[in-house]
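Trainee: pasting a predicted model and its sequence here:
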Amino acid sequence: MQLSITARHMELTQALKDYIRNKIERLNKYTDEIIDASTILSVEKYRHSAEITLKINGMTFNSVDITENMYNSIDRVVDKLERQLKKFKEKRKEHKHKKDIIAPSDVFSPDLSKTLAEDMRLVKSVKIQIRPMDLKDAIDALDLNDKKCFVFINVKTGKINVIYRDAEDKFILVEPEE
C-alpha cells in the first residue's frame with residue numbers, strides 16, 4: 001500500500017504521520033487490497049480538516065471531516081471509511097443470495113423504447129470511465145455508488161453492458177443484441 005500525506009497551512013509532525021499510518025493500517029482488516037491511500041490535512045483558523053481517499057481494485061472510497069482538533073478529524077474520517085468498507089465487504093458476500101437478475105427482454109419492448117426516446121429531452125451529459133469486469137463486480141459497484149445505473153464492459157462477452165436496479169430492488173442487465 002502506498003500512503004501519501006499532504007499538509008496544507010500546517011506543519012506535518014512525525015507523530016501525526018505515525019497516527020495516520022496506524023489508523024489506515026487498521027482498515028486492512030476489511031480488505032487487504034488497498035492499493036493507494038491519499039491523505040490531505042489542512043487547517044483554517046479553528047477548522048481542522050482531514051480527507052482520506054482509498055483506491056481498492058478500481059474502486060475509490062473517500063471521506064472528509066472537519067472538527068476543531070486534527071486527531072478528532074482523522075478519527076472520524078477513518079470511522080467513516082471503516083463503515084464504507086464494512087458495507088462493501090458485506091455486499092460482496094451477500095448480494096448473490098438476495099438479488100435477482102432480470103433479462104433485458106423482460107423489461108423493454110420496442111414500442112416502449114420508441115415512446116421514451118420521443119418524450120425524453122437530454123438534460124445532462126456525463127462522461128464515464130468504462131472498465132472491463134464481470135457481472136458480480138458490476139453489481140458490487142452499483143451497490144457501492146448511489147447511482148441509478150452502472151456501465152461496464154462484460155469480460156465474458158467483451159461488449160458494453162448496463163446494469164440498474166428497478167423499483168422492486170431487482171437488478172436489470174441491459175445487453176446489446178448479437
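Mentor: Structure received.

Trainee: list the buried residues for the helix or strand where Leu173 lies?
Mentor: Leu173 is part of strand 171-174 when elements are defined by DSSP states H and E. Residues of strand 171-174 classed as buried by neighbour count (16 or more other C-beta atoms under 10 Å): Phe171, Ile172, Leu173. C-beta: built from backbone N, CA, C; applies to glycine.

Trainee: in contact with Tyr19, which residues?
Mentor: For Tyr19, the contact set (C-beta atoms under 8 Å, 6 or more residues apart in numbering) comprises Tyr71, Ile74.

Trainee: send over the helix or strand where it lies as PDB, restricted to the C-alpha atoms.
Mentor: In the assignment (DSSP H and E), Tyr19 maps to helix 14-26. The C-alpha trace of helix 14-26 is given here as PDB (Å, rounded to 0.1, in the frame of the first residue of the first chain):
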ATOM      1  CA  GLN A  14       6.200  12.700  12.700                       C
ATOM      2  CA  ALA A  15       3.600  11.900  15.400                       C
ATOM      3  CA  LEU A  16       0.800  12.900  13.100                       C
ATOM      4  CA  LYS A  17       2.300  10.800  10.300                       C
ATOM      5  CA  ASP A  18       2.500   7.700  12.600                       C
ATOM      6  CA  TYR A  19      -1.000   8.300  13.800                       C
ATOM      7  CA  ILE A  20      -2.400   8.400  10.300                       C
ATOM      8  CA  ARG A  21      -0.400   5.300   9.200                       C
ATOM      9  CA  ASN A  22      -1.700   3.300  12.200                       C
ATOM     10  CA  LYS A  23      -5.300   4.300  11.600                       C
ATOM     11  CA  ILE A  24      -5.100   3.400   7.900                       C
ATOM     12  CA  GLU A  25      -3.400   0.100   8.600                       C
ATOM     13  CA  ARG A  26      -6.400  -0.700  10.900                       C
END
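
Trainee: show the average pLDDT along that helix.
Mentor: Over the span of helix 14-26, the pLDDT mean works out to 93.

Trainee: list the buried residues in that helix.
Mentor: Quick answer for helix 14-26 (16+ other C-beta under 10 Å): Leu16, Ile20, Lys23, Ile24.
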